[in-house]
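need a 3D model of the sequence below.
(one chain, ligands or ions: 1)
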Amino acid sequence: MDESKYILPEGIEVKKVSRELWIGKDNRGYSEKSTAVYSLAIDKKCDICGKPVGNTCYTLCPACSAIKDSERYYELEEVEWDGETILCIYGDDTYFSYEDEIYDYCNDNEIKVSDLHLVLCEKNKPRPFNLYDVIDDVLPEDAESSDYAGAQEVEDVVNDWLGKQTFSWIGSNKRVNIKGE
Ligand SMILES: [Zn+2]
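Residues are numbered from 1 along each chain as shown. Here you go, the predicted structure:
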């Protein structure tokens with residue numbers, strides 16, 4: 001822990017009371033200076049610009065964090081949008097099904113389409129169905145579900161069906177460029 005990054009309330013500092021004891025919050029003693037500082041800290045300096053980040057958990061302030069997010073977004077592979085696949089905002093769970101929805105969202109939020117950081121979505125795939133998992137508790141030891149007539153076919157039919165469904169969507173690592181006005 002880099003204690004120099006932590007910001008203490010004005011006029012407050014940790015006190016060294018002996019060679020191995022530091023006083024932090026509520027006058028509690030700490031054996032490390034850094035933990036005493038952390039107990040008193042109300043804010044932290046941004047790793048990039050040094051300005052307060054607003055809490056003691058994050059490493060970047062909102063402005064630097066937005067720049068980093070944007071850099072990460074533009075490093076993604078760019079793909080064409082087919083106009084049908086669901087889109088979402090990179091790192092966010094705001095989804096769009098059609099183009100007008102995107103423009104409405106931008107109008108409502110006074111943001112340019114190009115600043116929206118849209119990515120293509122992919123279908124969320126469920127875990128493959130495993131019949132053995134379902135009947136495991138009641139099978140004799142060393143038995144496989146495939147030892148039972150028709151079991152494999154049942155499993156295949158269910159997995160085939162699962163593969164064809166659309167249950168939900170999740171953002172991919174492919175960015176799409178929608179031309180905004
Ligand atoms: Zn910053």
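
interface residues of this structure facing the ion?
46, 48-49, 61, 64 (Cβ under 5 Å from the ion). Every residue, glycine included, has its C-beta placed from N, CA and C.

can you pull the contacts of Ser65?
By Cβ atoms under 8 Å, 6 or more residues apart in numbering, the contact set of Ser65 is Tyr58.

can you classify it as helix, strand or coil?
The three-state assignment at Ser65 reads helix, by DSSP: H, G, I helix; E, B strand; the rest coil.

how far away is it from Pro140?
Using Cβ to Cβ, to the nearest Å, Ser65 is found at 56 Å from Pro140.

Glu71 too?
Glu71 is 57 Å from Pro140, by Cβ to Cβ.

quick check: closest non-adjacent residue to Val37.
Nearest non-adjacent residue to Val37, counting by Cβ to Cβ, 6 or more residues apart in numbering: Glu3, 4.2 Å away.

which parts of this structure are strands?
6-7, 15-18, 21-23, 29-30, 43-44, 77-79, 87-89, 95-96, 118-123, 169-176 (DSSP state E).

can you give me the neighbour number for the nearest residue to Ile178 once chain neighbours are set aside?
Closest residue to Ile178 apart from its sequence neighbours, by Cβ to Cβ, 6+ apart: Val113 at 5.2 Å. Number of residues near Val113 (other Cβ atoms under 10 Å) recorded here: 16.
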